[in-house]
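K.L.:
Please work out how this folds:
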Amino acid sequence: MSNNSAELVFIPSPGVGHLISTVQLAKLLLETNQSLSITILVIKLPIHASKLDAFVESESRNNPYSTRLVFVTLPTPTNSLEPTSPAFFTAVIDLHKPLVKELVDERVRVGSPKPAGFVLDMFCTTFVDIAEELGVPSYLYFTSGAPLLNFVFWAQTYAENHGLQARDLAVKFSESNSSFTVSGFKNPVMSKYIPEVCKDEFGSEMILNFARQFRRMKGILVNSYMELESSTIQSLQNSEDKTIPPVYLVGPIMDLKSGGGTQDKEKESIIKWLDDQPESSVVFLCFGSLGSFDEEQVKEIANGLDRSGHRFLWALRRPITPGKPGSLSDNEPFLEALPEGFLDHTAQRGKIIGWAPQVEVLSHPAVGGFVSHCGWNSTLESLWFNVPIGAWPMYAEQQLNAFALVKELELAVEIRMDYSRDFILGKAEFIVKATEIEEGIKKLMSMDNKKIRGNVKEMSDKARKALENGGSSYNSLGSFIKDVLSNVA
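P.N.:
The predicted structure is shown next:
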């Protein structure tokens, strides 16, 4: 660790998306204040190891901050649990606790100053125990949006007010057609929009534990901006619950220079095809690194696209191998699942790809709509580039994101907001039919949809202003830095 006046230790979740977002936040902090230095401790899972290694190697090689930004890859401890076990992920994180304590202790012993704070990913809050042992404050970096943060705190309060244990809470959330008045939401939240992970005992206990751990933080950094999340954040700030830490909205934090590498040829082909399409005429379908469908659902999407009559660019990923999360193919599209003759029939207005340079695609003027899984990074990128969203969530908190985008903020249209697919087992509860897909795409791409398009344009402009000198996120980041520096005053 360096001898600068204040050092932060970042511990991101062992996933590429979380690591990328963490690095972007670190760079923003280093650009904003010269007295900060940051060490990022990298935890690896076997299924993501090669991607993480490649990313860290690239960032280390192209590091403009020299000793102010340091990556330390932690050794992988032995874990006897199967990767498909619900407890696998948390067990891996817990096994790293003694490694982190030993590393920080050793650096302090050889003369480095004690860190000014730990910045912990939402899945790594167990390290608050280590921070407290070392006498160091912890901050949460919440890589999703304020709707989920608000939901986590609300769920714990709801459980306590009703005397519910995790099992009881899971039952409540699983009741079909039930709805909940959640603070910060204008509309009742129906059970079908509550994250699927909350609907079993293990997942509900995880959410309750999140809330307990979040309350132990000195502050919470959220990858969003006040103009997008005003009602939700005001609900947190005005809450009678004074155990909720200060919230700093510091986004949108995105990697707008992604892409390239071994996929340069694919990217060139994609951009060339987009260059030949009229402005705002293409609907882009992409469902994230874990977003895949089985053959039956692929056929329904294809038929819906065909009937819609719109030009399309479709990132058609191969499905995962059941029981092997992370087994997606990066580059080869799932062409054999398409209906017979589909490629020939749509050759003049559609392009099927496997890997997608998402930033470059969303920023292209030919793209007029984005059918998305509503992952938070994708949501921020779509709004940044002024592209309306067709909401088709798949897993994690994406159903809640979709609900907020469609119902609360009117920034998206619905394809199917209550869709859920288990990315480990590769199963979905139902098939979204071609008719629904056709109608959703037509609504998304309609030039008559002026209200949503106007809202998206407004949020795109506000996103940029939030990051400028004097903007809401710029000021919020400054307040966070001031708090960090007070730890070493």
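
K.L.:
hang on, isn't Val104 packed against Glu7?
P.N.:
No: if you go by Cβ atoms under 8 Å, Val104 and Glu7 don't touch, sitting 10.3 Å apart. To be clear about C-beta, it is placed using only N, CA and C from the backbone, and glycine gets the same treatment.

K.L.:
joint contacts of those two?
P.N.:
Common contacts of Val104 and Glu7 (Cβ atoms under 8 Å, 6 or more residues apart in numbering): Pro115.

K.L.:
Could you tell me how many residues sit around Lys101?
P.N.:
For Lys101, the count of nearby residues is 16 (other Cβ atoms under 10 Å).

K.L.:
before we move on, which element is it in?
P.N.:
Using DSSP states H and E, Lys101 sits within helix 97-109.

K.L.:
How far does that helix sit from its chain's centre?
P.N.:
Averaging C-alpha positions (Cα atoms, centre = their mean, to the nearest Å) puts helix 97-109 29 Å from its chain's average.

K.L.:
List the buried residues for the helix or strand hosting Phe55?
P.N.:
Assessed by DSSP H and E, Phe55 sits inside helix 49-61. Residues of helix 49-61 classed as buried by neighbour count (16 or more other Cβ atoms under 10 Å): 51-52, 55-56, 59.

K.L.:
Adding distance to Ser292, write those residues out as JSON lines.
P.N.:
Shown next, in JSON lines, are the buried residues of helix 49-61 (distance: Cβ to Cβ, whole Å):
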{"residue": "Lys51", "distance to Ser292": "17"}
{"residue": "Leu52", "distance to Ser292": "21"}
{"residue": "Phe55", "distance to Ser292": "22"}
{"residue": "Val56", "distance to Ser292": "26"}
{"residue": "Glu59", "distance to Ser292": "28"}
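
K.L.:
Not counting its neighbours along the chain, what's nearest Ser280?
P.N.:
Counting by Cβ to Cβ, 6 or more residues apart in numbering, Gly368 is the residue found nearest to Ser280 once chain neighbours are left out, at 3.4 Å.

K.L.:
Out of the buried residues of helix 49-61, flag the one nearest to Ile253.
P.N.:
Glu59 (15.1 Å; Cβ to Cβ).

K.L.:
which regions of the chain sit below the pLDDT cut-off?
P.N.:
Scanning the chain for pLDDT under 70 picks out the ranges 1-4, 47-48, 79-81, 84, 258-263, 320-331, 423-424.

K.L.:
Show me the residue at the heart of it, geometrically.
P.N.:
Geometric centre of the chain, nearest residue: Trp376, 3.8 Å, by Cα atoms, centre = their mean.

K.L.:
what's near enough to touch it?
P.N.:
143-145, 223, 397, 401.

K.L.:
what's the closest of those to Leu164?
P.N.:
Glu397 (20.5 Å).

K.L.:
For burial, what's the neighbour tally of the closest one?
P.N.:
Residues lying near Glu397 (other Cβ under 10 Å) number 24.

K.L.:
Could you number the chain from 794 rather than 1 from now on?
P.N.:
All right, first residue 794 from here; so that's Glu1190.

K.L.:
That one and Gly996: what is the separation?
P.N.:
Distance, Glu1190 to Gly996, using Cβ to Cβ, to the nearest Å: 11 Å.

K.L.:
Could you pull out the residues contacting both of those two?
P.N.:
With Cβ under 8 Å, 6+ apart, Glu1190 and Gly996 have common neighbours Pro988.

K.L.:
what's the next secondary structure element after the host helix or strand of Leu1001?
P.N.:
Taking DSSP H and E as the criterion, Leu1001 maps to helix 994-1007. Moving toward the C-terminus from helix 994-1007, the next helix or strand (DSSP H and E) is strand 1012-1015.

K.L.:
And that next one, how far out from the chain middle?
P.N.:
Worked out by Cα atoms, centre = their mean, strand 1012-1015 lies 15 Å from the chain centre.

K.L.:
pretty sure His1138 contacts Asp1099?
P.N.:
Yes: look at His1138 against Asp1099 with Cβ under 8 Å: they come within range, at 6.7 Å.

K.L.:
Look at those two and report which has more neighbours.
P.N.:
Between His1138 and Asp1099, counted using other Cβ under 10 Å, Asp1099 has the larger neighbour count: 20 against 13.

K.L.:
what's the helix or strand for that one?
P.N.:
If you go by DSSP H and E, Asp1099 is part of helix 1088-1101.

K.L.:
which parts of that helix are buried?
P.N.:
In helix 1088-1101, counting by 16+ other Cβ under 10 Å, buried: 1090-1099, 1101.

K.L.:
what residues does that helix touch?
P.N.:
Contacts for helix 1088-1101 (Cβ under 8 Å, 6+ apart): 1076, 1078, 1086, 1105, 1107, 1109, 1127, 1130-1132, 1135, 1138-1139, 1143, 1221, 1224-1231, 1233-1235, 1238.

K.L.:
Since that was my last question, I'll sign off now.
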